[in-house]
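[1] just coords:
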């Protein structure tokens with residue numbers, strides 16, 4: 001049985017959620033974890049695109065029963081990826097029973113002690129279900145007003161679930177650590193005022209041109225630029241994830 005399942009969510013696209021899921025998975029694998037990154041953006045998947053992968057099978061084949069989950073994974077950087085399926089509305093509207101069967105297969109996967117779910121942006125039913133399924137939910141935000149508004153919407157949606165005490169905020173693309181802390185405090189104040197609790201800050205990832213370079217070249221940041229500021233920040237996130245369980 002899988003040890004822990006982490007879901008990475010955002011209210012809107014363009015905040016670096018998928019890049020963060022990839023890089024966190026890589027950092028956890030470098031720390032000795034047996035990691036599966038699940039591309040849960042059902043219908044608009046792009047983990048494989050960011051890494052320049054051309055998988056022989058993907059999530060659609062698993063859902064259709066053509067291949068087993070273990071036979072659809074791709075290995076890169078010491079961790080495994082279950083690629084999603086781009087351009088298909090069928091997975092975005094996956095039947096509840098099929099989604100539950102898929103999640104059960106993930107939970108029972110014996111080869112991994114950590115699974116990272118890269119969720120789609122937004123609040124659709126499959127996204128909400130996968131977020132609730134995870135042991136911990138990390139909501140990614142930047143300092144852009146629309147990102148803050150949409151991140152709060154995600155936090156509000158899960159506020160009624162007692163497991164949201166296992167929800168945390170990650171600030172991405174912060175100009176400085178101090179700026180990232182201000183972004184977090186903006187979200188934290190809204191949560192405390194209107195939701196009655198304050199999700200902790202898991203960490204802050206600084207804005208770094210090395211990230212853009214790695215994405216452009218479809219490579220892993222921790223391999224291409226292992227000593228850059230963003231790499232250090234993500235590795236600190238991985239340590240914090242382990243420490244908080």
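    Alright, I've got the coordinates. This one's a predicted model, so the numbers in the text were calculated from it and none came from an experiment. Numbering: from 1, shown residues only.
[2] tell me where this protein has helices.
    Under the criterion DSSP state H, the chain carries helices at the ranges 17-30, 47-51, 59-63, 69-72, 89-92, 96-108, 125-133, 145-157, 177-194, 209-216, 221-224, 229-244.
[3] and residue 66, what pLDDT?
    On pLDDT, residue 66 comes in at 92.
[4] do the same with residue 28
    pLDDT, residue 28: 97.
[5] what would the helices of the chain look like in JSON lines with mean neighbour count and distance to residue 116?
    Where you see a C-beta, it was placed from the backbone N, CA and C, and this is true even at glycine. Putting the helices of the chain into JSON lines (neighbours: other Cβ atoms under 10 Å; distance: least, Cβ to Cβ, whole Å) gives the following:
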{"stretch": "helix 17-30", "mean neighbour count": "25", "distance to residue 116": "5"}
{"stretch": "helix 47-51", "mean neighbour count": "20", "distance to residue 116": "10"}
{"stretch": "helix 59-63", "mean neighbour count": "21", "distance to residue 116": "15"}
{"stretch": "helix 69-72", "mean neighbour count": "16", "distance to residue 116": "15"}
{"stretch": "helix 89-92", "mean neighbour count": "16", "distance to residue 116": "19"}
{"stretch": "helix 96-108", "mean neighbour count": "14", "distance to residue 116": "11"}
{"stretch": "helix 125-133", "mean neighbour count": "19", "distance to residue 116": "12"}
{"stretch": "helix 145-157", "mean neighbour count": "19", "distance to residue 116": "17"}
{"stretch": "helix 177-194", "mean neighbour count": "16", "distance to residue 116": "21"}
{"stretch": "helix 209-216", "mean neighbour count": "16", "distance to residue 116": "18"}
{"stretch": "helix 221-224", "mean neighbour count": "18", "distance to residue 116": "15"}
{"stretch": "helix 229-244", "mean neighbour count": "18", "distance to residue 116": "10"}
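[6] got a markdown table for those helices, with distance to residue 169 too?
    Below are these laid out as a markdown table (distance: least, Cβ to Cβ, whole Å):
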| stretch | distance to residue 169 |
| --- | --- |
| helix 17-30 | 12 |
| helix 47-51 | 22 |
| helix 59-63 | 27 |
| helix 69-72 | 30 |
| helix 89-92 | 26 |
| helix 96-108 | 24 |
| helix 125-133 | 14 |
| helix 145-157 | 7 |
| helix 177-194 | 6 |
| helix 209-216 | 19 |
| helix 221-224 | 21 |
| helix 229-244 | 11 |
